[in-house]
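Asker: heads up, no residue letters with this:
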């Protein structure tokens, strides 16, 4: 007799089926809002494992001004097979002469980024509100979704941690802390029938707020994935079990919060630079963010589109990726950083989301948002927004709201000047579900 789970999980075995039932029916389980799925076929699983082998064996790197050899063939296929890129004039041999594209292009016509030869069987649509709250439909497939786990494993391995999975185990607990989001239990064929649970730690999603800790202890996940906001809430729970690692994505992770999490859970905290359009891009190392994917090319561009010199800050632009339904060719991320090299290895440094913002201090001095970030590093802020009004007054919204406010005030006034008007208040996070907070804003 076939069930819905047979369609949702084609490679599900009896052990996985029992784990799925146990996690869904646990007396402390939340109200799940999605059935979960893992639509990998046997052939797809083999391709994902081949991708994992490529990640392990292929060096990542290039020299400044000399793109990797695979990039020109990738660009040629984009011009030949992808409707969006065919609108460009005849491609130049100079890769940097190819026009850039951006989020607005993808939002307007996501279908035009799908290569003509691809079969559309099992294509999935993932909707993200992103940093602006404007919906973005990302076309994907079970195989690139599984490849996301491969890149998480690669980032863990660099820190001496692992994601072994295995029958009867919960491999990953993806935790959120927001007004609403999809939540589910899934069984991963790639992780040998281990479970993935996505949970919203908002107390409104549980019968009893204390059930959050009880359920997570019952799951005993090998790793947690989330963002600084959800990890700050996780710190508040009385957990008996401890993971092998925490993986933070989506938002900037402050050094102080990272140290607090590592001390509390006794495990490494891995900060990953990731986008919904690309999946994981790079993982934080001792000198910056180190790339995870050998077929993702990163450029740093000035506002006029010219290429920045090494160590010069500009906008991150990416090409390549592991999602065949979204081949990216010079895609502007809207994030800003510099690119430095250790031999052939590119390192993303001074990473900041969104365009640079220049504030004005009490004495008229220009203050870059990077200076503000450095000033706030000692504070375990999960999320914040610093806004400057047209009259020069500053308003700092912080989450969590209970923190060293006098210390924050001293630090910021030390940067902006003692005469600066500064209000510190709890951060308003009542926006659209999943909407991220832009750290730096101002009235012009």
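Answerer: Yep, that arrived. Keep in mind that what you see is a predicted model, and the values were worked out from it rather than measured. Numbers count the residues shown, from 1 in each chain.
Asker: buried residues in stretch 67-87?
Answerer: 67-68, 71, 74-75, 78-79, 82, 84-85 (16 or more other C-beta atoms under 10 Å). For glycine as for every other residue, the C-beta is placed from the backbone atoms N, C-alpha and C.
Asker: if you could redo that for stretch 7-24, that was the one I meant.
Answerer: Buried residues in stretch 7-24 (16+ other C-beta under 10 Å): 8-12, 16-17, 19-20, 23.
Asker: now stretch 399-419
Answerer: 399-400, 403, 408, 411-413, 415-416.
Asker: farthest pair within those?
Answerer: 400 and 416 (23.1 Å; C-beta to C-beta).
Asker: can you list the buried residues of stretch 399-419 in TSV and add distance to residue 212 and pLDDT?
Answerer: Output for the buried residues of stretch 399-419, formatted as TSV (distance: C-beta to C-beta, whole Å; pLDDT from 0 to 100):
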residue	distance to residue 212	pLDDT
399	18	81
400	17	74
403	22	71
408	29	92
411	33	93
412	34	94
413	38	94
415	38	92
416	39	93
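Asker: show me where the stretch 1-150 of the chain has strands.
Answerer: Assigned by DSSP state E, counting those that start in this stretch, the strands in the stretch 1-150 of the chain fall at 124-128, 136-140.
Asker: return the most buried member of those strands.
Answerer: strand 136-140 (a mean of 19; mean count of other C-beta atoms under 10 Å).
Asker: residue 374 is nearest to which of the strands of the stretch 1-150 of the chain?
Answerer: Ranking those by proximity to residue 374 (C-beta to C-beta) places strand 124-128 first, at 29.4 Å.
Asker: and that closest one, how far out from the chain's middle?
Answerer: 15 Å (C-alpha atoms, centre = their mean, to the nearest Å).
Asker: cool, stretch 138-154 as well?
Answerer: 12 Å.
Asker: closest one of the buried residues of stretch 67-87 to residue 53?
Answerer: Nearest to residue 53 among these, counting by C-beta to C-beta, is residue 68 at 18.8 Å.
Asker: now that closest one. Its backbone dihedrals?
Answerer: Here is the backbone geometry of residue 68 (degrees, to the nearest 10): phi -60, psi 150.
Asker: that one against residue 296, yeah?
Answerer: No. Contact criterion C-beta atoms under 8 Å: residue 68 and residue 296 do not qualify, at 9.8 Å.
Asker: hang on, the earlier thing: using a markdown table, lay out the strands of the stretch 1-150 of the chain together with distance to residue 348 and mean pLDDT.
Answerer: Formatted as a markdown table, the strands of the stretch 1-150 of the chain follow (distance: least, C-beta to C-beta, whole Å; pLDDT from 0 to 100):
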| stretch | distance to residue 348 | mean pLDDT |
| --- | --- | --- |
| strand 124-128 | 21 | 78 |
| strand 136-140 | 22 | 86 |
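Asker: need these in a markdown table with distance to residue 273, can you?
Answerer: Formatted as a markdown table, the strands of the stretch 1-150 of the chain follow (distance: least, C-beta to C-beta, whole Å):
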| stretch | distance to residue 273 |
| --- | --- |
| strand 124-128 | 16 |
| strand 136-140 | 17 |
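Asker: of all those strands, which one is nearest residue 248?
Answerer: Of those, nearest to residue 248 by C-beta to C-beta is strand 124-128, at 17.7 Å.
Asker: residue boundaries of the helices in this protein?
Answerer: For the chain, the helices defined by DSSP state H occupy 4-8, 14-25, 42-57, 70-81, 83-86, 103-108, 142-158, 211-219, 228-234, 255-265, 369-376, 405-416.
Asker: give me the nearest residue to residue 159, chain neighbours excluded.
Answerer: residue 268 (4.6 Å; C-beta to C-beta, 6 or more residues apart in numbering).
Asker: residues contacting the one you found?
Answerer: Contacts for residue 268 (C-beta atoms under 8 Å, 6 or more residues apart in numbering) come out as 159-161, 245-246, 262.
Asker: and those residues, which of them are in strands?
Answerer: Among those, the members falling in strands are 245-246 (criterion: DSSP state E).
Asker: residue 146: which of the buried residues of stretch 67-87 is nearest?
Answerer: Closest approach between the buried residues of stretch 67-87 and residue 146, by C-beta to C-beta: residue 74, at 21.4 Å.
Asker: looking at the chain, which helix or strand does the model trust least?
Answerer: The weakest-scoring helix or strand in the chain, judged by mean pLDDT, DSSP states H and E, is strand 124-128 (a mean of 78).
Asker: which residues does that strand contact?
Answerer: 39, 135-142, 145, 276, 434.
Asker: mind running it again at 7 Å?
Answerer: For strand 124-128, the external contacting residues (C-beta atoms under 7 Å, 6 or more residues apart in numbering) are 135-141, 276.
Asker: what strands line up against that strand, and which way round?
Answerer: Sheet pairing of strand 124-128 (DSSP bridges) gives strand 136-140 (antiparallel).
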